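**Student:** Got a predicted structure here, sequence first:
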Amino acid sequence: MTECVLGVDLGTSSVKVTAVSRTGEIIAQEGMDFPLQQPQPGYAEQDPEDWVSAATVSIVRLILKDKLTPDQIVGISYSGQMHGLVLLDDNNEVLRPAMLWNDTRSTQQRQEIMAKMGSRFVDITHNKPLEGFTLPKLLWVKENQPEIFQNAKTMLLPKDYLRFRMTGQLAIDYSDATGTVMFDVDKQQWSKEILDAFDIPETICPPLVRSIDETGNINEWYAEYSGLSTHTKTFGGGADNACGAVGAGIDGPTKVLSSIGTSGVILKYEPEKETNYDGVIQYEDHAIPNAYYSMGVTLAAGFSLSWFKKTFAENEDFTAVVDSAAKSTVGANGLLFAPYIVGERAPYADADIRGSFIGIDGIHQRHDFVRAVLEGIIFSFRDILDLYEAKGNQFETVISIGGGAKSPLWQQIQANIFNVKVVSLQNEQGPGLGAAMLAAVGLGWYHDIPECAKTFIQFKDVFLPEPDNVEKYRQLHQIYRKIYPSTKEITHELVDFRRDHQR
Ligand SMILES: Nc1ncnc2c1ncn2[C@@H]1O[C@H](COP(=O)(O)OP(=O)(O)O)[C@@H](O)[C@H]1O
Ligand SMILES: O=C(CO)[C@@H](O)[C@H](O)COP(=O)(O)O
């Protein structure tokens, strides 16, 4: 019997569960989608029960279809979509749908936090209180649903809710704790100053654990529900981007992570706790003990492509639609797309900006629109890379992960727009692999994450920049950068119009 660990990656569009042997072989992988609710402009919610059901179906498939035996699964760890607010009452029942990282309804609360604490807030958390983060959401509930806030005993993030249902134990790891912006990065503890400023009881914050720490065995109920064994241990896990960076081997200043999941992320490893980008780029504790990372986030990366596919090519094969972009040209025959379809976080922290196609011409065909979507998402990543380069960083390698890394064409576009070599992983599920690595280290199979990485991480393809196309994309990016200032006012007015006339 080959022992294995499971990396459970709770994303925004689906959960993916990856079973990995002690020698780093991916022996099986299962997953299941779940829906996203957007009932009003800026709202993004999910039912936490959908996460539990989808994770359980995936685990049951691993056992029944892929023939893993429960005893073979010795450890489980988690990678989770960040910042989402799950509120539990004193019976640990969920009080309202989870408000997700791409829910931007809390602009007023963001302003209130800045008005009250200003730069002190950024000093403590190393972040600005953007709508996507957990504290503004909690304050939105406090102000708009006071009866729910009063009954809220515990706040959890998505992966921590899933682990709670599997083990009965409440916990949060440091990488997800930083993403709440209720955490003092320098002191490495919940910030009493922030909690007191907004009258939030510290008891709402779950106990902190390291990503490699044990967080209890699978409990009797979940063992019966899923077929897992009560001997299986769970481990803290981390934020999906922290786990993605672990699974992609981002371990030094010359490598950068490019993740195309529902969101898009450009991420850099940071060895120093003291680094502070004044909140222009996010700063987080890592899943690697005593390490940190920074990142810029595009709110709708894979989500823009999925939206396009659902709206204009619903019944077609996803890969075929993406591949059709090869029929277009560099620059999509003069068509640009700005992916601000649910607002934006970096480099423009603007909840009310919306997306656009610019330059639509009578000659354009659907494949030009697909190409423009792929390119527009990477132009927005280029904006983030520009922020890093302006601070003196130079990268030699981009490691590409997430659902978007299934497309070789999209990775070549990245190499050309970044003008940096892009490398893919054998399996694009970096966060799931990273989570499995946390369990492998937690179990003691490996001394630490760098040692585990030598066995677990396997690279696949290399995409080199093509000089002619690099130059064309450089020119196109100059035009792309004008879209935000040119469309800001118009799209804000349209969002306001929609809010005013929402039925
Ligand atoms: N064949 C494909 N080629 C390129 N991109 C894809 C393909 N299939 C899915 N995607 C993109 O991958 C995204 C989902 O990536 P994933 O890493 O699973 O996200 P999450 O972790 O947020 O659930 C989708 O939004 C979609 O745009
Ligand atoms: O908000 C952030 C990071 O700050 C997002 O990156 C979420 O963590 C969602 O990740 P995916 O579902 O796109 O992987």
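**Tutor:** Sure, I can see it. Ligands and ions are numbered 1, 2, ... in the order given.

**Student:** Pull the contacting residues for the residue of the stretch 151-300 of the chain found nearest ligand 2.
**Tutor:** Proximity of the stretch 151-300 of the chain to ligand 2 (Cβ to the nearest ligand atom) peaks at residue 261, 3.0 Å away. Any C-beta I mention is one placed from the backbone N, CA and C, and that applies to glycine too. With Cβ atoms under 8 Å, 6 or more residues apart in numbering as the criterion, the residues that contact residue 261 are 11-13, 240, 301-302, 402-404, 431.

**Student:** and if we set it to 6 Å?
**Tutor:** Residues near residue 261 by Cβ atoms under 6 Å, 6 or more residues apart in numbering: 11, 302, 402.

**Student:** residues near the closest residue to residue 130 other than its chain neighbours, how many?
**Tutor:** Sequence neighbours aside, residue 349 is the residue nearest to residue 130 in space, at 5.5 Å (criterion: Cβ to Cβ, 6 or more residues apart in numbering). Residues within reach of residue 349, counting by other Cβ atoms under 10 Å, total 18.

**Student:** repeat for the one 5 residues further on
**Tutor:** The tally of other residues near residue 354 (other Cβ under 10 Å) stands at 20.

**Student:** can you check residue 14 too?
**Tutor:** Counted with other Cβ under 10 Å, residue 14 comes out at 17.

**Student:** now do residue 147
**Tutor:** Counted with other Cβ under 10 Å, the neighbours of residue 147 add up to 9.

**Student:** Distance check, it against residue 136.
**Tutor:** Using Cβ to Cβ, to the nearest Å, residue 147 is found at 20 Å from residue 136.

**Student:** need the contact list for residue 302.
**Tutor:** 260-262, 403-404.

**Student:** For those residues, which single residue is the most surrounded?
**Tutor:** Going by other Cβ under 10 Å, residue 260 tops the contacts of residue 302 with 29 neighbours.

**Student:** where does the residue lying closest to that one once chain neighbours are set aside land on pLDDT?
**Tutor:** Leaving aside its sequence neighbours, residue 260 sits nearest to residue 404 (Cβ to Cβ, 6+ apart; 2.5 Å). We have a pLDDT of 96 for residue 404.

**Student:** How is residue 404 assigned, secondary-structure-wise?
**Tutor:** The local conformation at residue 404, judged by DSSP: H, G, I helix; E, B strand; the rest coil, is helix.

**Student:** Return the residues in contact with it.
**Tutor:** Listed by Cβ under 6 Å, 6+ apart, the contact partners of residue 404 are 260, 302, 410.

**Student:** switch to 8 Å and redo it
**Tutor:** 259-261, 264, 301-302, 305, 377, 410.

**Student:** And it, how far from residue 377?
**Tutor:** 8 Å.

**Student:** Mind listing the shared neighbours of the two?
**Tutor:** By the contact definition Cβ under 8 Å, 6+ apart, residue 404 and residue 377 are jointly contacted by 260, 264, 301, 305.

**Student:** which residue sits closest to the second one in space, ignoring its chain neighbours?
**Tutor:** If you skip the residues right next to it in sequence, residue 264 has residue 301 as its closest partner in space, 2.7 Å away by Cβ to Cβ, 6+ apart.

**Student:** So that neighbour is in contact with residue 258, correct?
**Tutor:** No: proximity of residue 301 to residue 258 does not meet the contact threshold set by Cβ atoms under 8 Å, at 9.5 Å.

**Student:** Quickly list what's touching both of these two.
**Tutor:** Shared contacts of residue 301 and residue 258 (Cβ under 8 Å, 6+ apart): 264-265, 381.

**Student:** how far away is the residue nearest to residue 130 from residue 91?
**Tutor:** Separation of residue 349 from residue 91 (Cβ to Cβ) stands at 37 Å.

**Student:** same question, residue 434
**Tutor:** Distance, residue 434 to residue 91, using Cβ to Cβ: 33 Å.

**Student:** Name the residue in those two with the higher neighbour count.
**Tutor:** Neighbours were counted for residue 434 and for residue 91 using other Cβ under 10 Å; residue 434 has more, 37 against 7.

**Student:** For the more buried one, give me the pLDDT.
**Tutor:** On the pLDDT scale, residue 434 is placed at 98.

**Student:** May I have the beta-bridge partners of residue 214?
**Tutor:** residue 235 (DSSP bridges).

**Student:** looking at it, it is touching residue 237, isn't it?
**Tutor:** No: using Cβ under 8 Å, residue 214 is not in contact with residue 237; the gap is 11.4 Å.

**Student:** okay, these two: which has more neighbours?
**Tutor:** Using other Cβ under 10 Å as the criterion, residue 214 and residue 237 rank with residue 237 on top: 38 against 17.

**Student:** quick one on the thing from earlier: give me the subset of the shared contacts of residue 404 and residue 377 touching ligand 1.
**Tutor:** Contacts with ligand 1 within those, counted by Cβ under 6 Å from any ligand atom: residue 305.

**Student:** out of the shared contacts of residue 404 and residue 377, what pair is the most spread apart?
**Tutor:** Spanning the widest gap among the shared contacts of residue 404 and residue 377 are 264 and 305, at 10.2 Å by Cβ to Cβ.

**Student:** so what's in contact with these two at the same time?
**Tutor:** Shared contacts of residue 264 and residue 305 (Cβ under 8 Å, 6+ apart): 377, 404.

**Student:** For the two, work out which one has more neighbours and name it.
**Tutor:** Between residue 264 and residue 305, residue 264 has the larger neighbour count (other Cβ under 10 Å), namely 28 against 25.

**Student:** any idea how far the residue nearest to residue 260 lies from ligand 1?
**Tutor:** For residue 404, the distance to ligand 1 (Cβ to the nearest ligand atom, to the nearest Å) stands at 4 Å.

**Student:** do residue 24 as well
**Tutor:** Look at residue 24 and ligand 1: by Cβ to the nearest ligand atom, they are 20 Å apart.
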